[in-house]
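Participant: coordinates for the following, if possible.
(2 chains)
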There are 2 protein chains.
Amino acid sequence: MSPLGPGSAIGILGGGQLGRMLALAAARLGFDAVILSPEDDPCAGRVAARTIKGAYDDPAALAALAKACAVVTYEFENVPAKAVEILTGLGCRVAPGAKALAVAQDRVEEKTFLNGAGAPTVAFAAIESAADIAAALDILGAPALLKTRREGYDGKGQVWVESAREAEAAFKKIGGQPAILEAAADFIRELSVIAARAPDGEIACYPLSENHHQDGILRRTLAPARAAPRIVELAEVIAARILTGLDYVGVMGVELFEMADGRLLVNEFAPRVHNSGHWTADGCEVDQFEQHIRAVAGWPLGPTTALAHVEMTNLIGKDADAWKALAAEQEARVWLYGKGEARAGRKMGHVNRLRPLKD
Amino acid sequence: MSPLGPGSAIGILGGGQLGRMLALAAARLGFDAVILSPEDDPCAGRVAARTIKGAYDDPAALAALAKACAVVTYEFENVPAKAVEILTGLGCRVAPGAKALAVAQDRVEEKTFLNGAGAPTVAFAAIESAADIAAALDILGAPALLKTRREGYDGKGQVWVESAREAEAAFKKIGGQPAILEAAADFIRELSVIAARAPDGEIACYPLSENHHQDGILRRTLAPARAAPRIVELAEVIAARILTGLDYVGVMGVELFEMADGRLLVNEFAPRVHNSGHWTADGCEVDQFEQHIRAVAGWPLGPTTALAHVEMTNLIGKDADAWKALAAEQEARVWLYGKGEARAGRKMGHVNRLRPLKD
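Facilitator: This is a model prediction of the structure:
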C-alpha cells in the first residue's frame, strides 16, 4: 500500500487511554485522529481532531468515520465484528483486520489458532456445561482455570476450579456461558513481547517485558527484561508466527509464560497496543503507539531498541492521588489519562521510572 | 504556588506548532489544553481539548479562556500587552509574566535589560531617524545591523548597513519606524541555551544547542553542542541572570554568539519554547514542552540530561514533501505539524536524527 501522507486522518474505535496515546502519536507524525466512542467525553477525544459519538456498530457513526478517515484502527479487542464489516463494506481499510479480531475475541478459537500456528499454549478444553468441566479436569489436571470464551479482561470472568466437585458452582459463577478450561501453567514468570507488522510483512519486536500482576490487573512491567538470548529469540519467533498467521498489520501484545523447562507458552495476545508496552514511550526512540500508527499508515516500521531500563507502574484507582509526589520525583515520567473519577480498579495513569542501560 | 492537579486546563495563546507541541505535552500529564487563536483551524487546535476563536486582545475570547483555565501561557512573544492585562484583571495567572513580554517585544528594552542583568550583548543604539543611523555608525562601526524595535522574526524587518551613505535607504527599507542599530558580532558560531525556571526560583538548563541559520531562518541544530565546560557554565550563568531578573516562570530560549575571545554575547531571548530546543523531544527524558508545562503548572522541573546526540533539521516549505523518504529513514524521528499549505518559508515540521551519546 501507498503510505498515508501528512494531513490524513486515522480513525480509532474506542476513546480510552490507549486511544488517547495513539492520538498523541498520530499528531506527532502530522495525522489527524478521529475517535469513535459511545461515551460522552472520552479521554481520547480531548486530544483528537474530531470525536464522533455513537455505538461501535451504529451504521451512521461508522459511515461518518469511514468518510473522514483513510484507515480505521481500534484500541480494544471487543470491537463488534459487524463494525469491521460495515467499515470494510464502505471501502474503508481497517487494521489490524477482521481475522485478528475474530480470533482474539474467542478464547477457544485463539488457543486453537495459536497451537496451529506453532505458538504453543497450555492444554485446554472447550466447555459448554458443568459436565464438560468435570470431564476436562481428568485430562488437564486440577486446579484448572475456567474462563468465559468471550469478553472479560483484567481477570474478570474467570475462576479457578480445584476439583470436579466445584464444576457446577464455577460454571454458574461465570454465568453458565460457553467457556474454556485451561490447564494450570507452572510458570516462573510472565513475559510479554510487543511486536509490530507492516503491510509488506516486515516485523519488528521490542525487547521483552517482565510483567507483575495483582488481582488480575497488570501492576508493574520491567523492561528490557533480563532473559537468556534463547528466550528472546524464541519469543520473537512466536510473535512472528502469530503476526504472519493473521496477516496482521499494526502492533500486538503477546503475553507469555516462561516455564521452568525453558519453554515459552502463549497466554493470550491482544490485537492492539498493550499496557505492558507503555514503557516504550520513555524507553525507546519509537514507542508502541507511533509504531502502530506507522504500521496502519503504511509507513516503514521504526527502530525498537531500548534507550534505558524502565520500570512501569500502573496508577490504578486511588494510586493516582499520589500525583504530587510523582511530579516531584526526578526519575518518574508521569502519564495521566485525563479521566475524571478514580474508581477502584480503573487505570488512571502510569509512571515510567528510567535508569541508564549500562547499570 | 500549589501545583495544578489532573484535569486542570492550561490556556495557550497561539495555535501554531509550538502551541501544538505544548498541547501534546500537557495531555501526557493529564491536563486539558485550551487554544486561543484568531485562525480558523489552527494546527494546535487539532490536539487540544478546546479551541476558542478570537483576536488575542478580544475581551470576550479572553474572558472565556480565563474562565476555562487555571493558568494561561503563550507560544509567541508578540502577544499584545493588553491581553495579559485583561487576563490578569480577571484573576487569571499568566506565565511567563507581563515583564518578560514587555522586555522581549522591544529590542532596545531587551538589550538594555540584558546588559543591566549581567548578560552582555553587542553594542547598540536606539534609532529614530536616518540621521541617528549615520551617527551611531561612527560609534558601532560598519557594517551594522538595523532592526525594527518591535515585531519581525526569522530575519524579517532587518537590514545590514554598510556605510552612512546607506542610512536613508536602510531606514526606509524597514518602514521608517523606531529601530535599533547593532554592532556586527564577529562570532565563531551561534549557540543557544534552553532554560526553565519554576515559580519557586528553581532553574534548569538543557545542554547547549549549536545553531545554523539560512536566510535568517533556523535550519539545523546540533545538540548537545561540543563546548568547553567554561562556555557551558557561562551560558548557564547568563540564562539564570535573565530568568531571575524577569522573575520568569516557564521555558526560555536564549540565543548566544560565541566570540573568538571566549566571550558569550546574548543575541536575543524568546520568552517561550524555542525551535532550537526541538531536539529535546527525542533527546531528553523531559523535553522543553513538558518542562514548560511543568513550570507553568507549578510542578517541580524535570531532568534535562541528554540521552542521545541529536541533529535537528527544520522542514521548511517544500522540504516537507520529502516525508516519504524521511518516514523510511531509520534514524529520523519525524515531526509534522499538520499544517495545510507548504508555503515558502513556512515551518512544516522537523526531523530529529539520533546517534548514541558515546560516539
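
Participant: for the stretch 201-350 of chain A, which residue gets nearest to chain B?
Facilitator: residue A:336 (2.6 Å; Cβ to the nearest Cβ). In this view, the C-beta of every residue, glycine as well, is placed from N, C-alpha and C.

Participant: burial of that residue, as a residue count?
Facilitator: Using other Cβ atoms under 10 Å in any protein chain shown, residue A:336 is surrounded by 24 other residues.

Participant: for residue A:277, see how far away the residue lying closest to it once chain neighbours are set aside is.
Facilitator: In this structure, residue A:336 finds its nearest non-sequential neighbour in residue B:30, 2.6 Å apart by Cβ to Cβ, 6 or more residues apart in numbering or on different chains. Remark: distance between residue B:30 and residue A:277 (Cβ to Cβ, to the nearest Å) = 20 Å.

Participant: ok, now residue A:54?
Facilitator: Residue A:54 is 28 Å from residue A:277, by Cβ to Cβ.

Participant: who has more neighbours, those two?
Facilitator: Neighbours were counted for residue A:54 and for residue A:277 using other Cβ under 10 Å; residue A:277 has more, 31 against 17.

Participant: that one contacts residue A:253, doesn't it?
Facilitator: Yes - contact criterion Cβ atoms under 8 Å: residue A:277 and residue A:253 qualify, at 6.1 Å.

Participant: related to what we said a few turns ago, contacting residues for the residue of the stretch 201-350 of chain A closest to chain B?
Facilitator: Residues in contact with residue A:336 (Cβ atoms under 8 Å, 6 or more residues apart in numbering or on different chains) are A:315, A:320, A:323, A:348-349, B:6, B:28-30.

Participant: can you check residue A:179 too?
Facilitator: A:126-128, A:146-149, A:171.

Participant: could you redo the last one with a cut-off of 10 Å?
Facilitator: Neighbouring residues of residue A:179 by Cβ atoms under 10 Å, 6 or more residues apart in numbering or on different chains: A:107-108, A:125-129, A:132-133, A:146-150, A:152, A:157-159, A:170-171.

Participant: can you show me the helices along the stretch 201-350 of chain A?
Facilitator: Ranges of helices in the stretch 201-350 of chain A, per DSSP state H, counting those that start in this stretch, are A:229-245, A:280-283, A:288-296, A:323-328.

Participant: pipe these into JSON lines and attach mean pLDDT per row.
Facilitator: Formatted as JSON lines, these follow (pLDDT from 0 to 100):
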{"stretch": "helix A:229-245", "mean pLDDT": "98"}
{"stretch": "helix A:280-283", "mean pLDDT": "97"}
{"stretch": "helix A:288-296", "mean pLDDT": "98"}
{"stretch": "helix A:323-328", "mean pLDDT": "97"}
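
Participant: now, of those, which is deepest in the fold?
Facilitator: Burial of the helices of the stretch 201-350 of chain A is given as mean neighbour count (mean count of other Cβ atoms under 10 Å in any protein chain shown); helix A:288-296 ranks first at a mean of 28.

Participant: not counting residues beside it along the chain, what's closest to residue A:322?
Facilitator: Residue A:322 sits nearest to residue A:315 (Cβ to Cβ, 6+ apart), 7.5 Å away.

Participant: quick check: that neighbour vs residue B:189, distance?
Facilitator: Taken as Cβ to Cβ, the span from residue A:315 to residue B:189 is 45 Å.

Participant: those two: which is more packed in?
Facilitator: A count of neighbours by other Cβ under 10 Å puts residue A:315 above the other of residue A:315 and residue B:189, at 23 against 14.

Participant: kindly state the beta-bridge partners for the more buried one.
Facilitator: On the basis of DSSP bridges, residue A:315 is bridged to residue A:349.

Participant: quick one, what contacts it?
Facilitator: If you count contacts by Cβ under 10 Å, 6+ apart, then residue A:315 has A:321-323, A:326, A:334-337, A:342, A:346-351, B:6 around it.

Participant: so which of those residues is the closest to residue A:233?
Facilitator: Ranked by distance to residue A:233 (Cβ to Cβ), the contacts of residue A:315 are led by residue A:350 at 28.6 Å.

Participant: and for that closest one, the neighbour number?
Facilitator: 25.

Participant: please apply the same query to residue A:200.
Facilitator: Counted with other Cβ under 10 Å, residue A:200 comes out at 10.

Participant: can you check residue A:21 too?
Facilitator: Neighbour tally, residue A:21, other Cβ under 10 Å: 25.

Participant: follow-up on the earlier one: do you know which of the helices of the stretch 201-350 of chain A lies nearest residue B:284?
Facilitator: Judged by Cβ to Cβ, the one of these that comes nearest to residue B:284 is helix A:280-283, at 10.7 Å.

Participant: any bit of the closest one sitting next to chain B?
Facilitator: Yes - remark: helix A:280-283 sits within contact range of chain B at A:281-283, by Cβ under 10 Å from any Cβ of the partner chain.

Participant: stretch A:212-227 too?
Facilitator: No - Stretch A:212-227 stays clear of chain B (Cβ under 10 Å from any Cβ), getting no nearer than 15.4 Å.

Participant: any idea of the mean pLDDT for that stretch?
Facilitator: Stretch A:212-227 carries an average pLDDT of 95.

Participant: below-threshold pLDDT in the stretch 251-359 of chain A: ranges please.
Facilitator: A:359 (pLDDT under 70).

Participant: what about the strands in it?
Facilitator: Listed in chain order, the strands of the stretch 251-359 of chain A (DSSP state E, counting those that start in this stretch) span A:264-270, A:308-316, A:332-336, A:347-356.

Participant: helices or strands up against the first one?
Facilitator: What that stands for is strand A:264-270. helix A:98-104, helix A:107-116, strand A:187-197, helix A:229-245, strand A:250-259 (3 or more Cβ pairs under 10 Å, 6 or more residues apart in numbering or on different chains; DSSP states H and E).

Participant: mean confidence score for the second one?
Facilitator: Right, helix A:107-116. 98.

Participant: neighbouring contacts of it?
Facilitator: With Cβ under 10 Å, 6+ apart as the test, helix A:107-116 has contacts from A:77, A:99-100, A:102-104, A:106, A:119-127, A:147-152, A:157-158, A:178-180, A:182, A:238, A:241-242, A:245-246, A:254, A:265-269.

Participant: cutoff 7 Å now
Facilitator: When contacts are defined by Cβ atoms under 7 Å, 6 or more residues apart in numbering or on different chains, helix A:107-116 is touched by residues A:102-104, A:121, A:124, A:126, A:147, A:149, A:180, A:242, A:245, A:266, A:268.

Participant: how about that helix: buried residues?
Facilitator: A:107-111, A:113-114 (16 or more other Cβ atoms under 10 Å in any protein chain shown).

Participant: from chain B, how far off is the residue of chain A positioned farthest from its centre?
Facilitator: The centre of chain A is farthest from one residue, residue A:165, which by Cα atoms, centre = their mean lies 34.5 Å away. From residue A:165 over to chain B the distance is 48 Å, taken as Cβ to the nearest Cβ, to the nearest Å.

Participant: cool, and residue A:159?
Facilitator: 35 Å.

Participant: wasn't that residue part of a strand?
Facilitator: Yes - per DSSP: H, G, I helix; E, B strand; the rest coil, residue A:159 lies within a strand segment.

Participant: could you tell me how many residues sit around the residue lying closest to residue A:99 once chain neighbours are set aside?
Facilitator: Ranked by Cβ to Cβ, 6+ apart and with sequence neighbours excluded, the top spatial neighbour of residue A:99 is residue A:246, at 5.4 Å. As a burial measure, residue A:246 scores 22 neighbours (other Cβ under 10 Å).
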